[in-house]
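J.: whatever this is, show me its structure:
(2 chains)
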Amino acid sequence: MLDQLGNGLLLGIIISVASVALSLLYGVTRIVNFAHGEIIALGAIATLFFSSPLDYRVLFLEKFSPLGLNFVISCFLAILVCGLFGGLLEVFLFRPLRKNDVGNIAVLVVTIGLSILVRHLYLLFATGKVQNFPLELQRRQTYLFFDMTPRNFNVLIAGIIVMIIVGLLLTYTRLGKAMRAVRDSEELSSVSGINSDNIILLTWVASSMLAGLAGIFQATINDVRWNMGFLILLLIFAGTVLGGIGTSFGAMVGGFMIGILVQVSVGLPFMEGHAEAKNAVALGIMILILLFRPQGIFGQKERIS
Amino acid sequence: MITKRFSLQYIFAFSLTIFSIYLVFFLNPEGAPRIVLNLFTFAGIYGLSAIGLNVHFGWTGLLNFGHASFMGVGAYVTLLLMPHAAGREGVVITTGLPFFAALTIGIIAASLFGLLLGLPAIRLRGDYLAIVTIAAAEIFRLLVRDLESITGGVYGIINYTENFQRYRPSFIDDLSDNLDFSASQGWVCIAAWISILFIVLFLKRLNNSPWGRALRAVREDEDAVRAMGKNAVWLKLQSFMLGAGIAGLSGVLLAFNYGSLESTVFIPLLTFYVWAIMILGGVGTITGPIFGSIIFWVIISETDRLAYILFENANGQQLAGVRFLLVGVLIMFLMIFRPNGLLGKKEELLLDVK
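T.: Numbers count the residues shown, from 1 in each chain, chains lettered A, B, ... in the order given. You can find the predicted model right below:
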């Protein structure tokens, strides 16, 4: 069971970062974003596009050539691309919907349509092949009591640092306070001189950048696939719900717990030979949480029925 | 005035459907009967499923994104109760119930699964219910894939179509020889459209009954229903069971149309297809999904041609992707610009979380 703990932590950091992003967006805009997974995949695919060698021809249909940039620079560029994508979505899609008073459920269905559209654009332009970042292979090492490669260990540390920074930003900066104010009441925050449109735009950008980072983590640890975001989306929902929807701190912890639970459940006695069903465990937990403690572990009690 | 507007909507929907069928004949000078039959079979099956979904979302306002699992439960229970072969080795099971008994149990099983999934609906608000249902559908799919000894897992179930095809009337065989289409698919197509006919008549009756009015009242204002002494929770559960049963029937038909069944059929995209059909046809209507389904499948089946032109060096998986891409665009645009679809009434739409 313990040998799975390292994998659990790695899956946990991916889900955790992505859950914070989803939770932030839900908190401020009340949008359940089914297209979140596609922004995650964008982070990975953009990094692959920027960093692959120039002669690498698997990724994109013949008209597009990868750029062959330095890997770290590629990651930063990819995160910027994700932020830009999120911002464009808000300006050209979700802001007009909000101004026209389109209901939450309609917006939810729109995000599903968006998710299907964007995912299959990836399939068309990034092909259905499973691909890897242009990084050399590494050997696993033992850290404390779990095994992982040095690169994955760095990913874990980087993820934790990013989440601490996000937590601090949300708690102490003017922007973070404004975001929380808009989350609590858009009207009241407008009255107190907060430009809620700008805050929501910034939330979209921040959430998308975090999602892109989660995608880079996922691709570094595992691989790049056109549907990688959708495969992990329900686990992200589970992490968000477990921690309490709309609470950033809860989403961090919830994401980690889901990641560890999914991987550790492979080692349970009744799961022997059923490793494929490990995601079902996490989803089952999410349903139980929603039924019996819908505010999650850290959420405030709120009427959701 | 109002009735006039709606009859205009019907005329428009009807002409659009006729036009899209004509388009198929126009674009496929050769082999048209086979293509149209294939199209109508899928349209019938998915339309039936969309009618079931409309009971959930259109009538009762339940945001169900796990519709594929209802179809899956119906299909798997029915097939496993009949003689079939399953798994990697294709273990043959010769004992089993006759088709109609198995079908009845399958539909009841789908309804009971609907009841089970409906239990969260009592407690959860719309968007949370969406997450729960899609998660439950994924759990179902993962379990089906995992329980290989029973369901055949990724290797699937085969050799079951004869249970249904033995009831095929002989005139279909004569017709299929003349027009060059598959007789077994013709029978599935006829069965699907007969089912649609009966279900639509049944729902029309229900819709005008006190029960149907109470159901729509639940969508509009649950508290008012409670105040009138109706049990809103039980009404929601009944709606879940009814819609799930219809979906179960369509799942069985889908299985017979494919000829072999494995778990990947019931991926979330199946649910989204059905959603697209329901929105296109008109949320809250009874006959809307039928028109929606035909038009939807015309679009889908003629996309491949477009895809070939646009992306000449794409492979098969990518060409199939173009269809899905179009489904996504369709869902988005309909929801933004015409959420009531072809036949729906805007006043009857539930698009906000209460």
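J.: how about residue B:284, phi and psi?
T.: phi 90, psi 0 (degrees, to the nearest 10).
J.: isn't it right next to residue B:344, touching?
T.: Yes - using Cβ atoms under 8 Å, residue B:284 makes contact with residue B:344 at a distance of 5.6 Å. Where C-beta positions appear, they are placed from N, C-alpha and C, glycine not excepted.
J.: what's near enough to touch residue A:163?
T.: A:16-17, A:20, A:252 (Cβ atoms under 8 Å, 6 or more residues apart in numbering or on different chains).
J.: host element of residue 197?
T.: Since you didn't name a chain, this refers to chain A. In the assignment (DSSP states H and E), residue A:197 maps to helix A:196-221.
J.: can you look at chain B instead?
T.: helix B:183-208.
J.: do residue B:241 as well
T.: helix B:232-258.
J.: do the same with residue A:288
T.: In this structure, residue A:288 sits in helix A:278-292 according to DSSP H and E.
J.: could you measure from residue B:90 over to chain A?
T.: As for residue B:90, its distance to chain A is 21 Å (criterion: Cβ to the nearest Cβ, to the nearest Å).
J.: partner residues bridging the closest residue to that residue other than its chain neighbours?
T.: Leaving aside its sequence neighbours, residue B:90 sits nearest to residue B:158 (Cβ to Cβ, 6 or more residues apart in numbering or on different chains; 6.6 Å). Going by DSSP bridges, residue B:158 is paired in beta bridges with residue B:85.
J.: mind listing what residue B:158 touches?
T.: For residue B:158, the contacting residues are B:84-86, B:90, B:152, B:259-260, by Cβ under 8 Å, 6+ apart.
J.: remind me what the helix holding residue B:241 packs against, helices and strands.
T.: Other helices and strands packing on helix B:232-258, by 3 or more Cβ pairs under 8 Å, 6 or more residues apart in numbering or on different chains; DSSP states H and E, are helix B:32-54, helix B:60, helix B:67-81, helix B:99-123, helix B:183-208, helix B:210-220, helix B:222-227.
J.: repeat the analysis, applying 6 Å as the threshold.
T.: helix B:32-54, helix B:67-81, helix B:99-123, helix B:183-208, helix B:210-220, helix B:222-227 (3 or more Cβ pairs under 6 Å, 6 or more residues apart in numbering or on different chains; DSSP states H and E).
J.: list the buried residues for the longest one?
T.: Spelled out, it's helix B:183-208. B:183-193, B:195-196, B:199-200, B:203, B:206-207 (16 or more other Cβ atoms under 10 Å in any protein chain shown).
J.: with just CA atoms, put stretch A:79-95 into PDB.
T.: Extracted in PDB, the C-alpha atoms of stretch A:79-95 (Å, rounded to 0.1, in the frame of the first residue of the first chain):
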ATOM      1  CA  ILE A  79       0.800  28.900 -19.000                       C
ATOM      2  CA  LEU A  80       0.500  32.400 -20.600                       C
ATOM      3  CA  VAL A  81      -1.400  30.800 -23.500                       C
ATOM      4  CA  CYS A  82      -3.800  29.200 -21.100                       C
ATOM      5  CA  GLY A  83      -4.400  32.500 -19.300                       C
ATOM      6  CA  LEU A  84      -5.000  34.200 -22.600                       C
ATOM      7  CA  PHE A  85      -7.400  31.400 -23.600                       C
ATOM      8  CA  GLY A  86      -9.300  31.800 -20.300                       C
ATOM      9  CA  GLY A  87      -9.500  35.500 -20.700                       C
ATOM     10  CA  LEU A  88     -10.800  35.300 -24.300                       C
ATOM     11  CA  LEU A  89     -13.400  32.800 -23.200                       C
ATOM     12  CA  GLU A  90     -14.600  35.200 -20.500                       C
ATOM     13  CA  VAL A  91     -14.600  38.200 -22.800                       C
ATOM     14  CA  PHE A  92     -16.200  36.700 -25.900                       C
ATOM     15  CA  LEU A  93     -18.400  33.900 -24.400                       C
ATOM     16  CA  PHE A  94     -19.200  34.000 -20.800                       C
ATOM     17  CA  ARG A  95     -19.400  37.800 -20.300                       C
END
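J.: strands along the stretch 1-150 of chain A, start to end?
T.: A:141-143, A:146-148 (DSSP state E, counting those that start in this stretch).
J.: can you list the residues that contact stretch A:240-259?
T.: When contacts are defined by Cβ atoms under 6 Å, 6 or more residues apart in numbering or on different chains, stretch A:240-259 is touched by residues A:8, A:11-12, A:15-16, A:19-20, A:22-24, A:26-27, A:163, A:170, A:235, A:238-239, A:282, A:286, A:289-290, A:295-299.
J.: now list the buried members of the residues you listed.
T.: For the contacts of stretch A:240-259, a neighbour count by 16+ other Cβ under 10 Å gives the buried set as A:8, A:11-12, A:15-16, A:19-20, A:22-24, A:26-27, A:163, A:170, A:235, A:238-239, A:282, A:286, A:289-290, A:295-296, A:298-299.
J.: in helices only, show me those.
T.: Among the buried ones among the contacts of stretch A:240-259, the ones falling in helices (DSSP state H) are A:8, A:11-12, A:15-16, A:19-20, A:22-24, A:26-27, A:163, A:170, A:235, A:238-239, A:282, A:286, A:289-290.
J.: centre of the chain to stretch B:284-291, how far?
T.: 12 Å (Cα atoms, centre = their mean, to the nearest Å).
J.: dump the residue contacts of residue B:131.
T.: residue A:237.
J.: that one sits in which helix or strand?
T.: Using DSSP H and E, residue B:131 sits within helix B:126-146.
J.: just the buried residues of that helix, please?
T.: Buried residues in helix B:126-146 (16+ other Cβ under 10 Å): B:126-142, B:144-146.
J.: list the contacts of the helix or strand just after that helix.
T.: Later in the chain than helix B:126-146, the nearest helix or strand by DSSP H and E is helix B:148-151. Contact partners of helix B:148-151, identified using Cβ under 6 Å, 6+ apart, comprise residue B:144.
J.: distance from helix B:148-151 to the middle of the chain?
T.: That offset, for helix B:148-151, works out to 25 Å (Cα atoms, centre = their mean).
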